[in-house]
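Undergrad: What follows is a predicted protein model with its sequence.
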Amino acid sequence: MTDRTMAAGFAASFAAYACGMGADRGDLLSESGLTEDDLSDQDNRIPASAYQTMIGAAIKHTGDTALLLRHTLESQLETMSVVGQIVHTSASLRHSLEQLNRYLHLMGDVELPIGAERFELLSNSDGLWIVDHLVLPPEQAFWSEVSFARFISEFRRSFPSATFEIGLELTYPPPPHVNQYPELFRVPVLFNASRNALQIDPVWDTPETQFTPGNEYAFGIFTRHADEMMQKLLADTSILGQIEAQVLPKLYEGSISMDKVSKDLGMSRQTLYRRLKDEGVTFAEIHDDLRQRMAKEYLSGQKVTVNEAAYLLGFPEASSFVRASKRWTGLSPTAYLNQAA
């Protein structure tokens, strides 16, 4: 399948920070497969996997598993992405979260539950929370750690005398650098929680709490630039994403023809085949991958029964779903559902 991409500004900033902590820049570039040209413009798109490889290499070279976390807490988002400039010219916390969700893909491609936005500001009897709905495999759970560190970092720098963070909930087990959490996060942390969420002071969601200055002129300049970038990004969207958008609503139908999808996309079957070949993926692989991701969402969320999931995924009979599930996860749908429960 095609690789997810992200803005090069994050890798450029991290590489500079890691080198300051003892890593060798040449080694980081060599191991990640990135070049100086790749990192020369913060808006360049690079493979997300290359950035993760760079992080792993830097941690290996420095011996510091908290290196990415430290970089996040000590860096400034506006130096890596125009999204940072937009956030810092937003009028309030709620307004800035709206912009983060709106321009999320300028920073990096992410996978979210259908119909969900990444960040939700949730107020309940337990307090005010920023909930992160990003779907992450266990080996990439550290991205939640980093996202909340970014919120904390920006507020500490912009409002040094105010209280922002109060507590943190994370779905993963304690990482190797858990002993450094008190120093870095400075709040109680609950691991193996049911969600990834940062509790913040309720004052940040009151009408009286506005960011200053709310520079509407600068905000307009930055958002116009971001809108142009988003349009280009959407225009450059891989054929994979376009096909998924066509297939998902019809997934329950089971057999979805390439001819029908090519017609819906306004191209010939031959053109669609050629574009798929250029991206190194087949129509059948896209269909199978989409089924797999939706199966995990249905079963992990315990939203439907196994038979209902089989129907929604377009399997003609339960036995076909069982075979597919074992191929994807090594477990039957029932076992996967029980594990999620």
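TA: Nice, thanks for sending it over.
Undergrad: Please report how far the residue nearest to S13 when sequence neighbours are not counted lies from E120.
TA: Closest residue to S13 apart from its sequence neighbours, by C-beta to C-beta, 6 or more residues apart in numbering: M80 at 5.0 Å. Backbone N, C-alpha and C define where each C-beta goes, glycine included. Here the criterion is C-beta to C-beta, to the nearest Å. By it, M80 lies 24 Å from E120.
Undergrad: quick one, which of those two is more surrounded?
TA: Between M80 and E120, counted using other C-beta atoms under 10 Å, the more crowded position is M80 (19 against 14).
Undergrad: quick one, what contacts K60?
TA: By C-beta atoms under 8 Å, 6 or more residues apart in numbering, K60 lies in contact with nothing.
Undergrad: So it versus G22, what's the distance?
TA: Here the criterion is C-beta to C-beta. By it, K60 lies 11 Å from G22.
Undergrad: Which per-residue confidence value corresponds to T237?
TA: Looking at T237, its pLDDT reads 61.
Undergrad: Please name the nearest non-neighbouring residue to the most centrally placed residue in the chain.
TA: In the chain, the centroid-proximal residue (C-alpha atoms, centre = their mean) is V110; its distance is 3.5 Å. Setting aside the residues directly before and after it, V110 is nearest to L134 in space (C-beta to C-beta, 6+ apart), at 5.6 Å.
Undergrad: So for that neighbour, what's the pLDDT?
TA: The score at L134 is 88. That number is its pLDDT.
Undergrad: Could you give the backbone dihedrals for it?
TA: Backbone torsions for L134, taken as degrees, to the nearest 10, come to phi -60, psi 130.
Undergrad: Isn't it up against D109?
TA: No. Here L134 lies out of contact with D109, judged by C-beta atoms under 8 Å, at a distance of 11.3 Å.
Undergrad: related to what we said a few turns ago, ok, now how distant is the residue nearest to the centre of the chain from N307?
TA: Distance, V110 to N307, by C-beta to C-beta: 31 Å.
Undergrad: Three-state assignment for L122, please.
TA: Look at L122: counting by DSSP: H, G, I helix; E, B strand; the rest coil, its state is strand.
Undergrad: try L168
TA: Going by three-state DSSP: L168 is strand.
Undergrad: okay, now it: neighbour count?
TA: With neighbours defined by other C-beta under 10 Å, the count for L168 comes to 24.
Undergrad: Just list whatever residues bridge to G108.
TA: M6 (DSSP bridges).
Undergrad: hang on, isn't it packed against A11?
TA: No. Contact status for G108 versus A11: not in contact, 10.4 Å apart, counting by C-beta under 8 Å.
Undergrad: what about the two, which has more around it?
TA: Neighbours around G108 and A11, counted as other C-beta under 10 Å, are more numerous at A11. The numbers are 27 against 17.
Undergrad: if I pick that one, what's in contact with it?
TA: For A11, the contacting residues are S32, L34, D38, L39, I46, A50, Y51, M54, taking C-beta under 8 Å, 6+ apart as the criterion.
Undergrad: try N196
TA: Applying C-beta under 8 Å, 6+ apart, we find N196 in contact with V131, D132, L134, S144, S147, F148, E169, L170, T171.
Undergrad: From the residues you listed, which one has the minimum pLDDT?
TA: Within those, S144 has the lowest pLDDT, namely 85.
Undergrad: Now that one, what are its backbone angles?
TA: Taking degrees, to the nearest 10, you get phi -70, psi -40 for the backbone angles of S144.
Undergrad: And for it, nearest residue in space, chain neighbours not counted?
TA: The shortest distance from S144 to any residue that is not its chain neighbour, by C-beta to C-beta, 6+ apart, is 4.1 Å, and that residue is N196.
Undergrad: Was I right to think the residue nearest to the centre of the chain contacts A116?
TA: No. Applying C-beta under 8 Å, one finds V110 not in contact with A116, separated by 10.8 Å.
Undergrad: All the strands of this protein, in order from the start?
TA: Taking DSSP state E as the criterion, the chain contains strands spanning 5-7, 45-47, 119-124, 127-132, 165-169, 189-190, 196-200.
Undergrad: Could I get these in JSON lines, plus columns for distance to H71?
TA: Formatted as JSON lines, those follow (distance: least, C-beta to C-beta, whole Å):
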{"stretch": "strand 5-7", "distance to H71": "15"}
{"stretch": "strand 45-47", "distance to H71": "17"}
{"stretch": "strand 119-124", "distance to H71": "21"}
{"stretch": "strand 127-132", "distance to H71": "19"}
{"stretch": "strand 165-169", "distance to H71": "18"}
{"stretch": "strand 189-190", "distance to H71": "19"}
{"stretch": "strand 196-200", "distance to H71": "18"}
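Undergrad: what is the closest residue to I130 other than its chain neighbours paired to in the beta sheet?
TA: Nearest-residue entry for I130: L198, 4.7 Å, with adjacent residues in sequence omitted and distances by C-beta to C-beta, 6+ apart. Beta-bridge partners recorded for L198 (DSSP bridges): I130, L168.
Undergrad: measure L198 to L97 for me?
TA: Here the criterion is C-beta to C-beta. By it, L198 lies 12 Å from L97.
Undergrad: Many thanks, we can stop here.
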